[in-house]
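J.: Provided below for reference: sequence and predicted model.
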Amino acid sequence: MSRPRPTHTLAHLSDTHITGDGASVGGVVDARARLRQALEVLTSWNVGCDAWVFSGDLSDDGSEASYVWLRQTVETAAASVGVPVIWANGNHDEPGAFRRVLLGAEGAEPVLAEHVLRGLRLLVVDSTVPGKAHGRVAPASLAWLRERLSRPAESGSVVVIHHPPLPPLQDAAWGWVLSHADELAEVLRGTDARAILGGHFHQAAFGVFAGVGTSVAPSLVYNQDLTVGRDLRGQASNPGFSLVEVYPDVVTHTVVPVTGGRTVYPPVAAAPLPRRA
C-alpha cells in the first residue's frame, strides 16, 4: 500500500517556561536548552511542517527579556526552514510583554488570532484569567470564535487554547482546569473544528470534546510523574512536543520526545518525500 501524505503538518509546542535571565526552572531544568533541543529536531528532520504552534506558558517569569530571547531564538530557527510561528498565551505569560514582544501590539486584551495555512484555519483563543491558574474563555472571546466558525474553512479549523477542555488525571490539577467548558462546547459543536490543541497540564493527553478530537502537548521543560497516580509531582523528564498531521478524513496527534535512548533495532530509511509547494 502506498503511504498517504497529510495535507497539513503542525508542530505543537507548549509550556516552554523560558526565564529572562536564563536561570533554571525550579533550580533544576535549563528551559532554554530544552527548547534548543526541540528546534534542532524541527530544523533537521525530514518532516516538513506548515507551522510551529506554541500554546502558552511560554515564559516562566513573564519578563520582557524572556520573550525577547524566545522570539529571536524561535523565529531565527523557523526562518531557516521557511516555517511561520503561531503564538498563544498561557497563565504564566504576562499579557503586556507577550503582546508587545511576540505580537508587536500594545494593550492587555485577550489574545485572539486567525491564521490560514493553505485552506486550514487556525484559531487562537485566549483562555487566561488575570492572576489565576485556571482558565475561562471570556464571553467576548466566545462571540469572536462563534463568528469565525460560522463560515467553514476550506480544510476545516484547528482551535489553539492554553487550558485544554479535558479532565486531568491528577486531583490537584482540578484547580487549574478550564471552567465553564460547556460554553466553549456550545460554540464548537457542529462546526468545522477538526482539532483542539492545548497544553497547561505538563502531560500528554488525548480525548474528544464537543465532538472534536483534543490533544494536550507535553511540556518542553518538565512533566508530571504519572506513576504516582492522582498525586502531583513535576519531574525533569519526558520533554517533547506533538506533531499534528491533518488528512482529508482524520487528524493524528503524535508525541515527539526530544531526548533519545539506545538503539534497539537499526534505523529504516524513509521513502523520499514529495516536495511541498
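T.: Received, thanks.
J.: CA only for contacts and neighbour counts going forward, please
T.: Noted.
J.: residues contacting P84?
T.: 50-52, 78 (Cα atoms under 8 Å, 6 or more residues apart in numbering).
J.: What about those residues, which are in strands?
T.: When DSSP state E defines the strands, the subset of those inside them is 51-52.
J.: what about the spatially closest residue to N223 that is not a sequence neighbour, distance to R99?
T.: If the residues on either side of it in the chain are set aside, N223 comes closest to H202, at 4.7 Å by Cα to Cα, 6 or more residues apart in numbering. The span separating H202 from R99 equals 24 Å under the rule Cα to Cα, to the nearest Å.
J.: and if you look at P6?
T.: Separation of P6 from R99 (Cα to Cα): 32 Å.
J.: More neighbours: which of these two?
T.: Using other Cα atoms under 10 Å, the more surrounded residue of P6 and R99 is R99, with 22 against 15.
J.: can you tell me which residues contact the more buried one?
T.: When the contact criterion is Cα under 8 Å, 6+ apart, the partners of R99 are 105-108, 111.
J.: can you put those residues in JSON lines and add pLDDT, neighbour count and secondary structure?
T.: What follows is the contacts of R99, written out as JSON lines (pLDDT from 0 to 100; neighbours: other Cα atoms under 10 Å; DSSP: H, G, I helix; E, B strand; the rest coil):
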{"residue": "A105", "pLDDT": "92", "neighbour count": "12", "secondary structure": "coil"}
{"residue": "E106", "pLDDT": "90", "neighbour count": "13", "secondary structure": "coil"}
{"residue": "G107", "pLDDT": "84", "neighbour count": "12", "secondary structure": "coil"}
{"residue": "A108", "pLDDT": "79", "neighbour count": "14", "secondary structure": "coil"}
{"residue": "V111", "pLDDT": "96", "neighbour count": "20", "secondary structure": "coil"}
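J.: which pair in these spans the largest distance?
T.: E106 and V111 (11.2 Å; Cα to Cα).
J.: ok, the closest residue to P95 other than its chain neighbours - contacts?
T.: With Cα to Cα, 6+ apart as the criterion, P95 has its nearest non-adjacent residue at 5.2 Å, and that residue is A108. The neighbourhood of A108, defined by Cα under 8 Å, 6+ apart, consists of 95-96, 99.
J.: any idea which element the residue nearest to N223 lies in?
T.: In this structure, H202 sits in neither a helix nor a strand according to DSSP states H and E.
J.: give me the low-pLDDT residue ranges for this protein?
T.: Residue ranges of the chain with pLDDT under 70: 1, 272-277.
J.: Show me the residue at the heart of it, geometrically.
T.: Among the residues of the chain, S55 comes closest to the average C-alpha position under Cα atoms, centre = their mean, at 3.4 Å.
J.: Give me the distance between that residue and T263.
T.: Taking Cα to Cα as the criterion, S55 is separated from T263 by 32 Å.
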